[in-house]
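Student: Got a predicted structure here, sequence first:
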Amino acid sequence: MTTTQPTPPAPFTTEDYSARMRRVVGDAERAGLDGLLITPGPDLVWLTGYQPTAITERLTMLILAPGKDPTLLVPTLERPDAEAAVGAPSLTIVDWADGDDPFAKAGSYLRATATMGIADSAWAMHLLGLQETLPGSSYRSLTQSLPMLRAVKDADELARLDAAGAAADATYEQIVGVRFAGRKETDVAADLARLLREFGHEQVDFTVVGSGPNGANPHHEAGDRTIEVGDVVVLDFGGLMYGYGSDTSRTVCVGEPSAVVREVHEIVRLAQQAGVKAVRPGVACQEIDRAARKVITDAGYGERFIHRTGHGIGTTTHEPPYMIEGEEQQLVPGMCFSVEPGIYLAGDFGVRIEDIVTVTGDGGRRLNNTERDLRIVE
């Protein structure tokens, strides 16, 4: 098999990174924060283009505050890497040497009584160090205070998500052509990982292969179980391509499915269709969950749908917003998230169907376009 690598998108520009930092500072002000503290993780990459090694004992922190230049505090030995990688010329890099107190240096850029948003990826020891240095300061997690920080994607980000979704689709079209019966789940998972990379993924995050009763566990890790004729197999796989995520699920049957399998699969397909149909600007996230869940509940399987309907996706494969009861955040064009209802029959089998969907001006558009009918494999 030969695969054609897509043309890589143009890199993000220095203005892209500068604009992101300006925007989130404004968002922080509106949220009642005095600024933001961003540690290594997806937020730092998205804001600066810099992805350092996350070493626990050494503090790396981006400090953003209204009226002040963005400042990136780094260990001295990592300064050359930071200078080479940072994408925004407006960013000032300040280093600290081993033996210095990095929290005192970070604290010099903050008010003693500041209320700061801090990245969810921050190590507890770093947060405690800041609190000891500035006992009058307080901190709020970014998921709590700025849940939509990276949720709305621009055209360049959407192009990357489109490419990742297309690569995942191509992977599925290939995997249904391999033999399942008589092979271990780990064998099929290895095929999925290989195909994702062949179609352009630089990182594979997960390859769920849940056969037979294992499919009733939504996050089953592929194991040594040998797949048998008659098994229902849940496939859920994805990773990063050009720095942005893919995530798709399909359920196949090895040989002819039973009437019960066909019935359950059709219920999930209709539930997934209802969830996607509910997507449009101004609708609360929880309405996507309600639309999909109603189909499954009305069919008598409500207690067998044991997880939320969806999660956001971008520079990570799981991020806000979440399609779950109680989430009243309204959908905005450019948001991207999964719609993935499922039914899980313990000890028997499971079914899940998942597409990534982006909100458009008047509805939603799927980024995964492989068939959703029950596929029979060998």
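Tutor: Everything's here; your move.
Student: May I ask you to confirm that V209 is in contact with A193?
Tutor: No - using Cβ atoms under 8 Å, V209 makes no contact with A193, being 10.6 Å away. (Glycine included, C-beta is placed from N, CA and C.)
Student: Compare neighbour counts for these two and give me the winner.
Tutor: Counted by other Cβ atoms under 10 Å, V209 and A193 do not tie: V209 has more neighbours, with 29 against 19.
Student: give me every residue that touches that one.
Tutor: For V209, the contacting residues are 185-186, 188-189, 192, 220, 222, 233-235, by Cβ atoms under 8 Å, 6 or more residues apart in numbering.
Student: Quick check: the two most widely separated of these?
Tutor: The distance between the two most remote of the contacts of V209 (Cβ to Cβ) is 14.9 Å, for T186 and V234.
Student: Of the two, give the one with the bigger neighbour count.
Tutor: Taking other Cβ under 10 Å, T186 and V234 do not tie; V234 has more neighbours (27 against 15).
Student: Am I right that that one sits in a strand?
Tutor: Yes - V234: assigned to a strand according to DSSP: H, G, I helix; E, B strand; the rest coil.
Student: got the contact list for it?
Tutor: Going by Cβ under 8 Å, 6+ apart, V234 touches 208-210, 215, 220, 249, 251, 342, 350-352.
Student: circling back: what's the closest of the contacts of V209 to V283?
Tutor: Ranked by distance to V283 (Cβ to Cβ), the contacts of V209 are led by V234 at 28.0 Å.
Student: Find me the pLDDT at the closest one, would you?
Tutor: Confidence at V234, expressed as pLDDT, is 98.
Student: separation between it and D355?
Tutor: V234 sits 15 Å away from D355, going by Cβ to Cβ, to the nearest Å.
Student: Spatially central residue in the protein, please.
Tutor: T317 (2.1 Å; Cα atoms, centre = their mean).
Student: That one touches G238, doesn't it?
Tutor: Yes - using Cβ under 8 Å, T317 makes contact with G238 at a distance of 5.5 Å.
Student: Show me whatever sits in contact with both of these two.
Tutor: With Cβ under 8 Å, 6+ apart, T317 and G238 have common neighbours 205-206, 245-247.
Student: Could I get the full set of helices for the stretch 201-350 of the chain?
Tutor: Here the stretch 201-350 of the chain has its helices, by DSSP state H, counting those that start in this stretch, at 259-277, 285-298.
Student: M116: which of these is closest?
Tutor: helix 285-298 (26.6 Å).
Student: returning to that earlier point: out of the contacts of V234, name the ones that lie in strands.
Tutor: Using DSSP state E, the subset of the contacts of V234 located in strands is 208-210, 249, 251, 342, 350-352.
Student: Give me the buried subset of the contacts of V209.
Tutor: Neighbour-count burial (16 or more other Cβ atoms under 10 Å) is assigned, among those, to 185, 188-189, 192, 220, 222, 233-235.
Student: Any chance of these in TSV with distance to K68 as columns?
Tutor: Shown next, in TSV, are those (distance: Cβ to Cβ, whole Å):
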residue	distance to K68
E185	52
V188	52
A189	48
L192	46
H220	48
A222	49
V233	54
V234	49
L235	49
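Student: Looking at the residues you listed, which is nearest Q330?
Tutor: Using Cβ to Cβ, V234 comes nearest to Q330 of the buried ones among the contacts of V209, at 31.4 Å.
Student: could you check the distance from the closest one over to G342?
Tutor: In this view, V234 and G342 are 8 Å apart by Cβ to Cβ.
Student: now G312
Tutor: For G312, the distance to G342 - Cβ to Cβ - is 18 Å.
Student: Let's test this: what are the backbone torsions at P341?
Tutor: Here is the backbone geometry of P341 (degrees, to the nearest 10): phi -70, psi 160.
Student: Apologies, that question was intended for V74.
Tutor: Main-chain torsions, V74, degrees, to the nearest 10: phi -140, psi 150.
Student: how many neighbours does it have?
Tutor: With neighbours defined by other Cβ under 10 Å, the count for V74 comes to 24.
Student: can I assume it is in contact with A97?
Tutor: No - V74 is beyond contact range of A97, at 10.9 Å (criterion: Cβ under 8 Å).
Student: Any chance of the helices of the stretch 201-350 of the chain in TSV with mean pLDDT, distance to R22 and mean neighbour count as columns?
Tutor: Formatted as TSV, these follow (pLDDT from 0 to 100; distance: least, Cβ to Cβ, whole Å; neighbours: other Cβ atoms under 10 Å):
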stretch	mean pLDDT	distance to R22	mean neighbour count
helix 259-277	98	34	20
helix 285-298	98	27	22
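Student: what's the closest of the ones you listed to Q51?
Tutor: Nearest of the helices of the stretch 201-350 of the chain to Q51, taken as Cβ to Cβ: helix 285-298 at 28.8 Å.
Student: who touches that closest one?
Tutor: Contact with helix 285-298 is made by 267-268, 270-272, 274-275, 277-279, 302, 304-305, 308-310, 321-331, 337, 339, 341, 343, as judged by Cβ under 8 Å, 6+ apart.
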